[in-house]
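J.: I'd like to go over a predicted model; first the sequence, then the structure.
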Amino acid sequence: MTGEKQRDFARRVTQANKTELVAVTCDIIRENIDCAAECLKTGDITGYRSELKSAGRFLAELIRSLDFRYPIAKDLLSIYEYVQRILVSSEISGKDRGLAGIRGIISRIGSAFEEIAPQDTSGSVMENSQQIYAGLTYGKGTLNEADMAAGSNRGFLA
């Protein structure tokens, strides 16, 4: 995954509520799967396995965060375990064992959480993080991020 993508995901995580965090995690898994597929096309088996391992770590985080007080958690666990089996099988074999299928599954789950995220009024998961504002600058149609909280405590409280 490129540094630019990592920074974008990091920014999204700092601003996300609990529901949006699941959607962002699904996006990260999708990006890892896409990068793994690209590595496989170019013959970079080490990169392929590394990307799949990273996707597996984020998937494990989704599994750990399930709240079994809700009935849907059991269904999500079954889906996540299936996705995990495909990731592990593909990683071990060094071959694509159905990555497009699990990418679609993760994409649909992420879309569902994005759709219900506005109903979650819990606020940002990360407290004392900087608010990021984006706007058009004087460049030719480029979008730059501007930190409007310059000089703040950046989350550190004395």
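T.: Yep, that arrived. Numbering: from 1, shown residues only.

J.: Any regions of this structure where pLDDT drops low?
T.: Applying pLDDT under 70 to the chain picks out residues 123-158.

J.: which helix in it runs the most residues?
T.: The longest helix of the chain (DSSP state H) is helix 18-42.

J.: Can you list the helices and strands that that one packs against?
T.: Under the contact criterion of 3 or more CB pairs under 8 Å, 6 or more residues apart in numbering; DSSP states H and E, helix 18-42 touches helix 3-15, helix 45-64, helix 99-116. All C-beta spots, glycine's among them, are computed from the backbone N, C-alpha and C.

J.: Flag every buried residue along that helix.
T.: Of the residues in helix 18-42, 19-37, 39-40 count as buried by neighbour count, 16 or more other CB atoms under 10 Å.

J.: try stretch 111-120
T.: Neighbour-count burial for stretch 111-120, counted by 16+ other CB under 10 Å, picks out 113-114, 117.

J.: which one of the residues you listed sits closest to Thr2?
T.: Glu114 (22.2 Å; CB to CB).

J.: dump the residue contacts of that closest one.
T.: Neighbouring residues of Glu114 by CB atoms under 8 Å, 6 or more residues apart in numbering: 20, 23.

J.: let's go with 6 Å and repeat that
T.: Listed by CB atoms under 6 Å, 6 or more residues apart in numbering, the contact set of Glu114 reads Ala23.

J.: where's it relative to Lys53, distance?
T.: 26 Å (CB to CB, to the nearest Å).

J.: Relative to Tyr80, which of the helices and strands packed on helix 18-42 is closest?
T.: Closest to Tyr80 of those, according to CB to CB: helix 45-64, at 5.1 Å.

J.: List the buried residues of the very next helix or strand once past the closest one.
T.: Using DSSP states H and E, the helix or strand that follows helix 45-64 in sequence is helix 72-93. For helix 72-93, burial by neighbour count (16+ other CB under 10 Å) applies to 76, 80, 83-84, 86-87, 90-91.
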